[in-house]
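Colleague: sequence isn't available, so here's the structure alone:
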Ligand code: HCA
Ligand code: CU
């Protein structure tokens with residue numbers, strides 16, 4: 001201590017800093033992981049547009065009633081997304097829903113998603129929209145085989161649509177559909193042309209989910225280097241890279257990610273809201289006011305309306321996302337759940353569950369016995385663990401842990417079984 005008081009101020013500061021960091025590191029089991037994550041990047045605000053009502057409804061078998069659409073919009077708004085997308089041109093019902101949702105005066109922008117046609121812009125205007133989005137295929141295959149127009153015609157149509165929407169006071173996003181497969185020079189030319197006539201946002205989608213993260217980074221960077229307009233990323237999940245690609249796009253300069261609840265959408269969909277919001281909050285440290293504890297309810301709501309049950313191991317909202325089973329895991333979880341959980345289940349509205357069966361081991365057995373109020377010691381615990389194993393019936397019992405049981409886990413001084421397998 002004598003040395004420290006006499007040391008130059010910088011030495012003292014760095015010593016205090018390292019003590020402080022060690023305290024934080026000891027306190028937060030994710031500390032070093034977060035350190036690796038943050039190398040070379042600074043936290044920045046990344047927005048979320050949720051398209052459950054537009055892209056989500058394009059998932060095979062999914063259609064919402066207007067009441068459900070309005071309810072989903074309210075829930076998304078309360079959760080804290082920045083923009084909510086809906087297509088008013090699909091049917092008269094959709095138009096009605098769009099109108100009603102716009103009238104609610106929600107905090108999020110309601111974005112009317114339409115084709116790049118004046119008549120569609122008129123539909124958005126008819127709904128009293130302030131925000132609209134329009135899309136047009138940019139790749140040669142979309143131009144030739146879907147739209148049957150030349151690049152020049154596409155350019156004219158895009159510019160005319162933006163001019164028309166802007167002349168009516170709309171804020172608008174233009175989507176470069178199939179951007180990842182479009183000829184790069186044409187893509188930039190198109191972005192520049194619509195930027196000149198005042199487009200407010202440009203969406204860079206990977207419409208067929210063909211990119212790897214590095215490719216998405218390069219694509220978005222190429223546009224971002226030449227364009228000042230804020231960029232969205234809309235990544236499809238055909239090969240399973242949607243979430244990673246969306247974040248790679250943000251690393252390259254994009255400022256908004258498109259999501260849907262549970263990731264539903266055309267084919268294999270786009271990033272799930274839950275995974276995106278948790279990654280933004282914890283892995284990217286992006287400032288936001290998301291009510292993460294609604295994530296489970298949002299997922300259940302969509303399950304109820306679509307009959308699509310998220311697969312068990314789905315990140316964040318899956319039924320097994322916080323289930324612990326193997327003896328070694330139980331032993332650690334019973335002492336400190338963070339040993340096998342990146343973030344606490346209650347944060348996302350999920351629940352920790354313990355599975356007892358042939359893999360439970362001595363610690364699991366001891367804990368089970370204490371829950372059942374049975375007298376337990378090392379010998380009994382071993383005997384019960386052996387019994388569970390010898391039954392050869394796999395998982396026998398699953399216990400959701402409410403607050404009382406969780407406290408019991410942390411505080412239980414009765415369980416004095418030594419750590420081990
Ligand atoms: C579509 C295509 C789209 C548009 C994305 C966007 C895509 O179904 O209309 O508007 O940002 O994946 O390219 O979903
Ligand atoms: Cu899409």
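Modeller: That came through fine. Just so we're clear, the structure is a prediction, and the values are computed from it rather than from any experiment. Ligands and ions are numbered 1, 2, ... in the order given.
Colleague: what about the strands in the stretch 51-200 of the chain?
Modeller: Secondary structure of the stretch 51-200 of the chain (DSSP state E, counting those that start in this stretch): strands at 83-86, 109-115, 131-137, 171-177.
Colleague: for the stretch 301-421 of the chain, same thing?
Modeller: Along the stretch 301-421 of the chain, counting by DSSP E, counting those that start in this stretch, strands occupy 323-324, 353-357, 395-400.
Colleague: please state the offset of the shortest one from the chain centre?
Modeller: Relative to the centre of its chain, strand 323-324 is centred 22 Å away, using CA atoms, centre = their mean, to the nearest Å.
Colleague: for residue 202, find the nearest of the strands of the stretch 51-200 of the chain.
Modeller: With CB to CB as the criterion, residue 202 lies closest to strand 171-177 of these, at 5.6 Å. Using the backbone N, CA and C atoms, a C-beta is placed for each residue, glycine as well.
Colleague: how about the residues of the stretch 101-250 of the chain near ligand 1?
Modeller: Taking CB under 6 Å from any ligand atom, the part of the stretch 101-250 of the chain that reaches ligand 1 is made up of 133, 135, 175, 177, 203, 205, 207, 234, 236.
Colleague: got a winner among the residues you listed for most neighbours?
Modeller: Ranked by neighbour count (other CB atoms under 10 Å), those have residue 234 at the top, with 31 neighbours.
Colleague: can you list the domain ranges for the protein.
Modeller: Residue ranges for the domains of the chain, per automatic domain parsing: 47-306, 323-413.
Colleague: sorry, back to before: Serialize the strands of the stretch 301-421 of the chain to TSV and add fields for distance to residue 213, mean pLDDT and mean neighbour count.
Modeller: Output for the strands of the stretch 301-421 of the chain, formatted as TSV (distance: least, CB to CB, whole Å; pLDDT from 0 to 100; neighbours: other CB atoms under 10 Å):
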stretch	distance to residue 213	mean pLDDT	mean neighbour count
strand 323-324	29	92	20
strand 353-357	33	87	20
strand 395-400	36	82	13
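Colleague: wait, which of those is closest to ligand 1?
Modeller: Proximity to ligand 1, assessed across the strands of the stretch 301-421 of the chain by CB to the nearest ligand atom, is greatest for strand 323-324 (33.8 Å).
Colleague: just checking: what are the partner strands of that closest one?
Modeller: When pairing is defined by DSSP bridges, strand 323-324 lines up against strand 353-357 (parallel).
Colleague: tell me what angle the partner strand forms with strand 395-400.
Modeller: Calculated by axes from the mean of the first three to the mean of the last three CA atoms, to 10 degrees, strand 353-357 forms an angle of 160 degrees with strand 395-400.
Colleague: ok, residues contacting strand 353-357?
Modeller: In this structure, residues lying in contact with strand 353-357 by CB atoms under 8 Å, 6 or more residues apart in numbering are 322-325, 330, 333, 364-365, 367-368, 388, 393-401.
Colleague: again, 7 Å this time
Modeller: For strand 353-357, contacts defined as CB atoms under 7 Å, 6 or more residues apart in numbering pick out 322-325, 330, 364, 368, 388, 394-401.
Colleague: out of the domains of the chain, nearest to residue 27?
Modeller: Among the domains of the chain, domain 323-413 comes nearest to residue 27, with 10.4 Å by CB to CB.
Colleague: centre of the chain to that closest one, how far?
Modeller: Distance, stretch centre to chain centre, for domain 323-413: 30 Å (CA atoms, centre = their mean).
Colleague: which single residue of the stretch 51-200 of the chain ends up nearest ligand 1?
Modeller: For the stretch 51-200 of the chain, CB to the nearest ligand atom, closest residue to ligand 1: residue 175, 3.4 Å.
Colleague: sorry, back to before: distance to residue 35 added to the domains of the chain, as a markdown table?
Modeller: Shown next, in a markdown table, are the domains of the chain (distance: least, CB to CB, whole Å):
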| stretch | distance to residue 35 |
| --- | --- |
| domain 47-306 | 12 |
| domain 323-413 | 15 |
